[in-house]
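[1] here's a sequence, model it:
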Amino acid sequence: MKIATFAAGCFWGVEAVFRQVEGVVDTTVGYTGGRTEHPTYEDVCSDATGHAEAVEVVFDPARVGYEQLLDVFWNCHDPTTENRQGPDVGSQYRSAIFYHDDTQRESAVASKERLSRSGLHRRPIVTQIVPASTFYRAEEYHQRYFEKRGMSASCHYRPR
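    Below you'll find the model as predicted:
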């Protein structure tokens, strides 16, 4: 099994999208990329911790490739809005790929460059590609949020 970590706005919808991918064996929502140890949801919502709401994806590389996960990531949010996804505003909602090794970094950079050249977006891609750091699991009530409530994923983003 391998791990991939993505931030693409509110982690509830992002997690729900990745849980639907064949070959993803588990997901965890949490906080990463900041300076505060063991942050709470309230801490992260203050926009003072430096953490992003993120999803840690455990996947079977024999069933789904990292490049496929990158495609899911790019298609489930707007990578051109800095520190914002829809109505959610703040650095905790930034677009970021947290790579776990050089291969992931190279794949992420190449996919971002391809997307930038594709003409799909009118504005520049602002997604950060940074090394993975400590991932802090979010409170239990955030895990599989939509699934627990019988709701479908709310990721309705369409590229413009």
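[2] any stretches of this structure with poor pLDDT?
    Across the chain, the ranges flagged by pLDDT under 70 are 152-160.
[3] so which residues of it form strands?
    Assigned by DSSP state E, the strands in the chain fall at 2-8, 24-32, 52-59, 84-85, 88-89, 95-99, 128-131, 136-137.
[4] which strands or helices does the last one pack on?
    Judged by 3 or more CB pairs under 8 Å, 6 or more residues apart in numbering; DSSP states H and E, the packing partners of strand 136-137 are strand 24-32. Just so you know, the C-beta spots here come from the backbone N, C-alpha and C atoms, and that holds for glycine as well.
[5] angle of the strand it packs on against strand 52-59?
    160 degrees (axes from the mean of the first three to the mean of the last three CA atoms, to 10 degrees).
[6] so which elements touch strand 24-32?
    So strand 24-32, by 3+ CB pairs under 8 Å, 6+ apart, packs with helix 11-19, strand 52-59, strand 136-137.
[7] the second one versus strand 2-8: what angle between them?
    Going back to what we said before, that points to strand 52-59. With the same axes, to 10 degrees defining the directions, strand 52-59 sits at 150 degrees from strand 2-8.
[8] who wins for proximity to Gly150 among the helices and strands packed on strand 24-32?
    helix 11-19 (11.9 Å; CB to CB).
[9] adding distance to Val89 and mean neighbour count, write the helices and strands packed on strand 24-32 out as JSON lines.
    Formatted as JSON lines, those follow (distance: least, CB to CB, whole Å; neighbours: other CB atoms under 10 Å):
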{"stretch": "helix 11-19", "distance to Val89": "15", "mean neighbour count": "24"}
{"stretch": "strand 52-59", "distance to Val89": "12", "mean neighbour count": "24"}
{"stretch": "strand 136-137", "distance to Val89": "22", "mean neighbour count": "16"}
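[10] perfect, I'm done here.
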